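Colleague: Coordinates only, no sequence provided:
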């Protein structure tokens with residue numbers, strides 16, 4: 001065989017198969033849709049977040065006489081009596097910033113990852129697993145971006161009315177000066193461990209439910225799914241994902257208030273721990289396994305509503321953009 005024959009016998013590589021997937025510029029508009037959805041959702045659901053965090057940071061058992069909060073109705077009455085209506089929106093500005101930044105990063109990253117995944121066999125072999133992986137990567141990127149905002153938000157909600165930081169800006173500056181980057185990223189690893197699978201399960205469940213809806217209702221496309229059904233699918237996705245990883249969320253919040261005990265004396269005993277493992281150990285030792293699920297009900301309600309609104313608003317804005325371009 002001549003060298004020329006050998007050269008011609010080598011199979012030609014299909015350049016299309018190795019070419020970098022083309023970036024769809026529509027993803028910028030999808031990022032915008034994600035930001036709008038996050039903004040609206042955060043404003044509506046902030047009171048649930050305040051309730052959740054107050055329960056998560058309370059060391060005393062729920063049935064104890066020393067507990068400031070013993071149930072959701074009683075907690076609502078107490079916050080309203082002590083802090084007024086504004087108390088339910090404590091930490092709203094950093095929370096709003098967190099939601100918008102995270103919403104933009106999450107939805108943009110998910111669509112980008114999904115574009116790349118479509119060129120791999122995994123996506124076509126098991127779309128649910130592909131959606132989980134893409135969602136997890138999107139959640140990880142969002143976590144890296146917003147953890148400092150989450151730390152500030154948690155402390156503003158956790159502090160006494162006349163102690164701590166006067167505003168979001170001062171909170172950032174004070175934590176950065178006194179505790180450094182490490183202070184702004186307290187609980188980061190727990191956030192990553194929690195949010196990545198949570199976002200993955202969220203996207204996977206939502207996409208699965210939407211695909212099932214198309215089949216059950218004999219629709220031609222997901223864009224034909226009624227808004228109310230989209231809302232329900234989003235709510236179910238949020239409930240399932242949050243229930244799976246909730247103890248990690250509780251531990252993350254307790255890690256974020258370490259070194260902050262002087263500014264929350266009116267909320268009972270301050271929780272102290274030395275690390276992730278110690279956080280779980282101390283919680284179980286003092287409060288039992290039930291303590292790992294403190295604040296779960298307001299959290300599940302908030303997550304269900306948040307997820308439902310996020311997906312519903314996001315999908316409808318995307319549909320509106322597509323119909324007008």
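Modeller: That came in fine, so what should we check first? Since the model is a prediction, treat every value here as computed from it, not as a measurement. Numbers count the residues shown, from 1 in each chain.

Colleague: Would you mind pointing out the helix or strand residue 235 falls in?
Modeller: Secondary-structure element containing residue 235, defined by DSSP states H and E: helix 227-256.

Colleague: who's in contact with the next helix or strand after that helix?
Modeller: Using DSSP H and E, the next helix or strand after helix 227-256 towards the C-terminus is helix 276-287. Under the contact criterion CB atoms under 8 Å, 6 or more residues apart in numbering, helix 276-287 has outside partners 59, 61, 189-190, 247, 250-251, 254-255, 271-273, 291-292, 294. Every residue, glycine included, has its C-beta placed from N, CA and C.

Colleague: among those, which two are most distant?
Modeller: 61 and 189 (27.5 Å; CB to CB).

Colleague: Report the contact partners of the residue lying closest to residue 31 once chain neighbours are set aside.
Modeller: Excluding its sequence neighbours, the residue lying closest to residue 31 (CB to CB, 6 or more residues apart in numbering) is residue 108, at 3.9 Å. Counting by CB under 8 Å, 6+ apart, residue 108 makes contact with 27, 28, 30, 31, 34, 138.

Colleague: Of those, keep whichever come out buried.
Modeller: The neighbour count (16 or more other CB atoms under 10 Å) marks 27, 30, 31, 34, 138 as buried among the contacts of residue 108.

Colleague: Secondary structure for the contacts of residue 108 - can I get that in JSON lines?
Modeller: Below are those laid out as JSON lines (DSSP: H, G, I helix; E, B strand; the rest coil):
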{"residue": "27", "secondary structure": "helix"}
{"residue": "28", "secondary structure": "helix"}
{"residue": "30", "secondary structure": "helix"}
{"residue": "31", "secondary structure": "helix"}
{"residue": "34", "secondary structure": "helix"}
{"residue": "138", "secondary structure": "helix"}
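
Colleague: ok, so of these, who is nearest residue 115?
Modeller: For the contacts of residue 108, the residue nearest residue 115 by CB to CB is residue 27; the value is 7.9 Å.

Colleague: I'd like the contacts of residue 108 as a markdown table, with pLDDT and distance to residue 203 appended.
Modeller: Shown next, in a markdown table, are the contacts of residue 108 (pLDDT from 0 to 100; distance: CB to CB, whole Å):
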| residue | pLDDT | distance to residue 203 |
| --- | --- | --- |
| 27 | 67 | 15 |
| 28 | 74 | 20 |
| 30 | 76 | 13 |
| 31 | 82 | 15 |
| 34 | 85 | 12 |
| 138 | 93 | 7 |
